[in-house]
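In: dropping a prediction and its sequence here:
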Amino acid sequence: MERDDIIEYSLHTHHSEEEGKKIRAKIWKVTAILTLITTVEIIVGIYAPRYLVTPTVWLLIKFGYIGLTILKAAYIVLVFMHLGDERKNLRWVILAPYGLFILYLIFIVLTEGTYVNGVWNTLM
């Protein structure tokens, strides 16, 4: 029995094969960039365990992870949410509040973590 309620999306495409190739190339490019960044994060995580590096290097690694994660998130928003096709001012209006929120969140986490660590050391 053949179903007649399944939509065939290829019949509703509004672009040529050449434009389709460009779109697929863009998807592969995005996949490669995100895979590369994730691979760097994993390699650093494997080959730079905390007990092998100095506290300063460990702090740089942590901030590096935060930076790479924010970079991946911004790239995903720009590409998959089509924000990269918008005007520069609109991009900043949308991305800047998130960036400020992330910086504020990092500040709060570090401040509260330092406070809790101080209280914990006092109790022990």
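Out: The structure has been received and is ready for your questions. Numbering: from 1, shown residues only.
In: so where do the helices sit in this structure?
Out: Applying DSSP state H to the chain gives helices spanning 17-47, 55-80, 88-123.
In: deepest of the ones you listed, which one?
Out: Counting by mean count of other Cβ atoms under 10 Å, helix 55-80 has the highest mean neighbour count of those, with a mean of 13. Backbone N, C-alpha and C define where each C-beta goes, glycine included.
In: from the chain's centroid, how far away is that helix?
Out: Counting by Cα atoms, centre = their mean, to the nearest Å, helix 55-80 is centred 7 Å from the centre of its parent chain.
In: now do stretch 33-43
Out: For stretch 33-43 - counting by Cα atoms, centre = their mean - the centre lies 11 Å from the chain centre.
In: pull the residues that contact it.
Out: Tyr65, Leu68, Thr69, Leu71, Lys72, Tyr75, Ile76 (Cβ atoms under 8 Å, 6 or more residues apart in numbering).
In: what about 6 Å?
Out: Stretch 33-43 has contacts (Cβ atoms under 6 Å, 6 or more residues apart in numbering) with Leu68, Lys72.
In: now do stretch 55-71
Out: For stretch 55-71, the surrounding residues in contact (Cβ under 6 Å, 6+ apart) are Ile37, Glu41, Ala48, Arg50.
In: only C-alpha atoms, please: export it in PDB.
Out: The C-alpha coordinates for stretch 55-71 follow below in PDB (Å, rounded to 0.1, in the frame of the first residue of the first chain):
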ATOM      1  CA  PRO A  55      48.600  26.400  37.700                       C
ATOM      2  CA  THR A  56      49.100  29.300  35.300                       C
ATOM      3  CA  VAL A  57      49.000  27.000  32.200                       C
ATOM      4  CA  TRP A  58      46.000  25.200  33.700                       C
ATOM      5  CA  LEU A  59      44.200  28.600  34.000                       C
ATOM      6  CA  LEU A  60      45.000  29.300  30.300                       C
ATOM      7  CA  ILE A  61      43.700  25.900  29.300                       C
ATOM      8  CA  LYS A  62      40.400  26.500  31.100                       C
ATOM      9  CA  PHE A  63      40.000  29.900  29.500                       C
ATOM     10  CA  GLY A  64      40.900  28.400  26.200                       C
ATOM     11  CA  TYR A  65      38.100  25.900  26.500                       C
ATOM     12  CA  ILE A  66      35.700  28.600  27.400                       C
ATOM     13  CA  GLY A  67      36.800  30.700  24.400                       C
ATOM     14  CA  LEU A  68      36.700  27.700  22.000                       C
ATOM     15  CA  THR A  69      33.200  26.800  23.200                       C
ATOM     16  CA  ILE A  70      32.000  30.400  22.800                       C
ATOM     17  CA  LEU A  71      33.500  30.400  19.300                       C
END
